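**Q** Show me how the following folds:
(chains A and B, ligands or ions: 1)
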Amino acid sequence: MNRRRFLAGGACCALAGHGFAFAQEPWQAPPRLAKPDLATEEGGLWAMMDREERNIRRSPFLIRDRRLHDYVQDIACRLAGDHCPDVRVHIVNTPLFNANMAPNGMMQVWSGLLLRAENEAQLAAVLGHEIGHYLEKHSLERLRDVKSASALAQVMGLFGIAGAFGQLAVIAGMLSYSRDQERKADLIGSMLMHRAGYDPAEAAKIWNNLLLELKARPDGSPSANSPMFATHPSPEERSETLSKLAAGMPGGRTGAETWEEKIRPFRNEWLKEEIKRGQHEESIALLTRMGAGSTPNSEYRYARGEVYRLRAKAGDLDLAVADFQAAAAIGGEPPETHRALGLIYRSRRQISEAKASLRRYLELMPSAPDQAMIKSYIEELGS
Amino acid sequence: MKKLLILCVVLLLSGCVSVAKVETGPRAIGERLTVTLDGAWNHVDAPGVGPGQLWTMEGSPVDQLRLYSGIKEGQALHAEQGGQQKSFTFRSNMQPDEIASLFEGMLTRDGSRYKLEKLEPMSFNGQPGFRFDYSLVRKVDNVHLSGVGFAAVSRNELFAVVYMAPRLVFYPRYIARVEHIGKSMSIKP
Ligand SMILES: [Zn+2]
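**A** Numbering: from 1, shown residues only, chains lettered A, B, ... in the order given. Below is the predicted model of the structure:
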């Protein structure tokens, strides 16, 4: 299909006559953004982002898997249309929901977002939104704020000095957009999704899912706990806006099957990182949601059981055992399922069950880093 | 490297950093732990160091040896910080795998990436305990670190010596010295 004509055609039709606020200002994608003169303020900011991008390319936190990169890059490209050559995706191993796009075209996608998206369309919703900020140069206005000491102090207060030194681009990403910029980015994001053939209804879903997860925290404050919510105001309002937008652009695919196939090889690793965050309530909400899909999944079951085991509140160990047993029954469970089961049985002095589970773990993972320790546990349990 | 310098400056500006030499030979750490040194170390004292002593060869932004003596039930392994930071506290019924995870949790509070390389039983002058080896990618400056820890629980208290240094040059340079300290750990019954 001729992508350019398709893109141009979609813009006005999709929104005309549906009676919501954005219809009065039909949006046209700008031509490709040229690199600004280095002497200008914008040029200086590009140079800063170019430096940051060089750091990211070298970073040990960068996920260098070619196939995964190309897959996400391709989704970003289809959303960006004519701007595709200017968008450079970098997938960063950080277990939080976040993506951002700098004015120079650098787009960071965190592994925590990939873990949380249920399908291609949900990722496209977040990427489309960020591309919206990029096309409208919202980042330029936002980056001017970096110069404000109070804004920097606010970020350092929220996320700690280590976090602040760590990633300049993230600092920039943490500064709030205005409400109007957010609405505009949501509008553009939905339109880009629609034109690329995705169902825009998935946009409201991914934000709602994130909100539910953050609300599960004992302190219940989404904005204090997520870079994405610290910068994106009122999730309830946004979800309503996105649902309205989607109603005006019915149809489109979710890409759930391809998504499952592309993400599966990485999921267990990302689940381990998620568990390590130690945010038990959030993780349980996330894993319960992800595990509720129509196909039983032993990785989600194991991961949730492990969170229960580590939380270890009253009743948690029973829930953990139930999840581990379910994971083993489904099959294809991570070897650590048997390690965790064995450790619980050991603590409960269920000797033969403990030995059987720990042995199973060593069978499945003979070169486990803790194999010497596990062997000593088995010996100690007696014969 | 520049980021390391920034950290140093921040530490110095926050005041009250003192460094004292620790001489070769047997050294008492707290009331019940003794270690023997086959070379001198630098003892860094600064606000926020936490419940363990902090020693270093090259300066604390480069390599760190933490010595914990008599950490009690419910006590955190780090200086208490307010706000949303999760704290990592010791429970006296913790098993070696749980204690190793506790250190992992503490070392990754800033988003650094940790990998357990090895966990094995080890005894310290007859006191059963364990050794763990790990690697860490430090979030603040992306430096790859290697580390090792020696730990034991005696009379419901935790005793541990945990080291880390950049994987290249520094860790290989000092690991023998650190292992010497680990093997020398003696806990009063
Ligand atoms: Zn936004």
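**Q** Now do stretch B:176-187: everything it contacts.
**A** B:26, B:32-39, B:57, B:65, B:122, B:124-125, B:127, B:129, B:131, B:148, B:150, B:152, B:154, B:159, B:161, B:163 (CB atoms under 8 Å, 6 or more residues apart in numbering or on different chains). (Each C-beta comes from the backbone N, C-alpha and C, glycine too.)
**Q** Okay, buried residues for it please.
**A** B:177, B:178, B:181, B:182, B:184, B:185, B:186, B:187 (16 or more other CB atoms under 10 Å in any protein chain shown).
**Q** which element is the fourth one on?
**A** Think residue B:182. Taking DSSP states H and E as the definition, residue B:182 sits inside helix B:170-184.
**Q** Backbone dihedrals for residue B:153, please?
**A** Main-chain torsions, residue B:153, degrees, to the nearest 10: phi -110, psi 130.
**Q** just the buried members of the contacts of stretch B:176-187?
**A** Counted by 16+ other CB under 10 Å, these give B:32-35, B:37, B:57, B:65, B:122, B:124, B:127, B:129, B:131, B:148, B:150, B:152, B:154, B:159, B:161, B:163 as buried.
**Q** any weak-confidence spans in the chain?
**A** No chain was given, so I picked chain A. In the prediction, chain A carries residues with pLDDT under 70 at positions A:1-25, A:142-176, A:220-234.
**Q** please go with chain B instead
**A** B:1-16, B:81-85.
**Q** Tell me the residues of it that contact chain A?
**A** Counting by CB under 8 Å from any CB of the partner chain, chain B comes close to chain A at B:3, B:6-7, B:10, B:84-86, B:95-97, B:100-101, B:104-105, B:108, B:110-111, B:113-114, B:116-121, B:130, B:137, B:139-140, B:142, B:144.
**Q** Can you report how many residues lie near residue A:210?
**A** The tally of other residues near residue A:210 (other CB atoms under 10 Å in any protein chain shown) stands at 22.
**Q** So it sits against residue A:97, correct?
**A** Yes. When contacts are counted by CB atoms under 8 Å, residue A:210 is listed as touching residue A:97 (5.4 Å).
**Q** Might you specify the subset of the residues of chain B next to chain A located within strands?
**A** Mapping the residues of chain B next to chain A onto strands (DSSP state E) picks out B:113, B:114, B:116, B:117, B:118, B:119, B:120, B:121, B:130, B:137, B:144.
**Q** Sort out which of those are buried, if you could.
**A** B:113, B:114, B:116, B:118, B:119, B:120, B:121, B:130, B:137.
**Q** between the ones in strands among the residues of chain B next to chain A, which is nearest residue A:201?
**A** residue B:113 (35.8 Å; CB to CB).
**Q** Which residues does the closest one form beta bridges with?
**A** Counting by DSSP bridges, residue B:113 forms beta bridges with residue B:137.
**Q** so it makes contact with residue A:61?
**A** Yes. The pair residue B:113 and residue A:61 qualifies as a contact (CB under 8 Å) at a distance of 7.1 Å.
**Q** what's the overlap in contacts for those two?
**A** A:93, B:137, B:139.
**Q** For stretch A:178-196, list every residue counted as buried.
**A** For stretch A:178-196, by 16+ other CB under 10 Å, it's A:181-196.
**Q** what sits against the residue nearest the centre of chain A?
**A** Note on chain A: the residue nearest the mean C-alpha position is residue A:113, at 0.6 Å, using CA atoms, centre = their mean. By CB under 8 Å, 6+ apart, the residues touching residue A:113 are A:96, A:97, A:98, A:99, A:123, A:126.
**Q** mind listing which of the buried residues of stretch A:178-196 are in helices?
**A** A:181-195 (DSSP state H).
**Q** just curious, which of the ones in strands among the residues of chain B next to chain A is nearest to residue B:48?
**A** residue B:114 (21.0 Å).
**Q** about what we covered before: which single one of the buried residues of stretch A:178-196 is nearest to residue A:323?
**A** residue A:193 (34.7 Å).
**Q** Which parts of chain B are helices?
**A** Counting by DSSP H, the helices of chain B are B:2-13, B:96-107, B:170-184.
**Q** okay, the longest one in PDB with CA atoms only?
**A** Coordinates of each C-alpha in helix B:170-184 appear next as PDB, following Å, rounded to 0.1, in the frame of the first residue of the first chain:
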ATOM      1  CA  PHE B 170      40.800  -3.700  40.900                       C
ATOM      2  CA  TYR B 171      38.800  -6.800  41.800                       C
ATOM      3  CA  PRO B 172      41.600  -9.100  40.600                       C
ATOM      4  CA  ARG B 173      44.100  -7.000  42.400                       C
ATOM      5  CA  TYR B 174      42.400  -7.200  45.800                       C
ATOM      6  CA  ILE B 175      40.400 -10.500  45.800                       C
ATOM      7  CA  ALA B 176      43.200 -12.500  47.500                       C
ATOM      8  CA  ARG B 177      43.400  -9.900  50.300                       C
ATOM      9  CA  VAL B 178      39.600 -10.000  50.700                       C
ATOM     10  CA  GLU B 179      39.500 -13.800  50.700                       C
ATOM     11  CA  HIS B 180      42.100 -13.800  53.400                       C
ATOM     12  CA  ILE B 181      39.900 -11.600  55.600                       C
ATOM     13  CA  GLY B 182      36.800 -13.800  54.800                       C
ATOM     14  CA  LYS B 183      38.700 -17.000  55.800                       C
ATOM     15  CA  SER B 184      40.000 -15.300  59.000                       C
END
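**Q** so how far is that helix off the chain centroid?
**A** In terms of CA atoms, centre = their mean, to the nearest Å, the centre of helix B:170-184 is found 13 Å from the chain centre.
**Q** Same question for stretch B:132-143.
**A** 13 Å.
**Q** Alpha carbons of that stretch, as PDB, please.
**A** As requested, C-alpha coordinates have been extracted for stretch B:132-143 and formatted as PDB (Å, rounded to 0.1, in the frame of the first residue of the first chain):
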ATOM      1  CA  PHE B 132      28.400 -15.800  47.700                       C
ATOM      2  CA  ASP B 133      30.000 -14.400  44.600                       C
ATOM      3  CA  TYR B 134      28.200 -11.800  42.500                       C
ATOM      4  CA  SER B 135      28.500  -9.300  39.700                       C
ATOM      5  CA  LEU B 136      26.900  -5.900  39.500                       C
ATOM      6  CA  VAL B 137      26.400  -3.300  36.800                       C
ATOM      7  CA  ARG B 138      26.300  -0.100  38.700                       C
ATOM      8  CA  LYS B 139      23.500   2.200  37.500                       C
ATOM      9  CA  VAL B 140      25.100   5.500  38.300                       C
ATOM     10  CA  ASP B 141      28.100   5.100  36.000                       C
ATOM     11  CA  ASN B 142      27.600   1.700  34.200                       C
ATOM     12  CA  VAL B 143      30.700   0.200  35.700                       C
END
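**Q** List the contacts of it.
**A** A:55, A:58-61, A:162-163, A:165-166, B:1, B:3-4, B:7, B:96, B:100, B:103-104, B:107-108, B:110-120, B:144-149, B:151, B:164, B:166-167.
**Q** Can you turn the buried part of these into a ChimeraX selection?
**A** This is the ChimeraX syntax for the buried subset of those, where burial follows 16+ other CB under 10 Å:
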select /A:59,61,162,163,165,166 /B:3,7,96,100,103,104,107,108,110,111,112,113,114,116,118,119,120,145,146,147,148,149,151,164,166,167
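**Q** what's the burial count for residue B:64?
**A** Neighbours of residue B:64 using other CB under 10 Å come to 21.
**Q** ok, it to residue B:50 distance?
**A** 11 Å (CB to CB, to the nearest Å).
**Q** one step back: of the buried residues of stretch A:178-196, which is the nearest to chain B?
**A** Checking these against chain B with CB to the nearest CB, the nearest one is residue A:182 at 24.3 Å.
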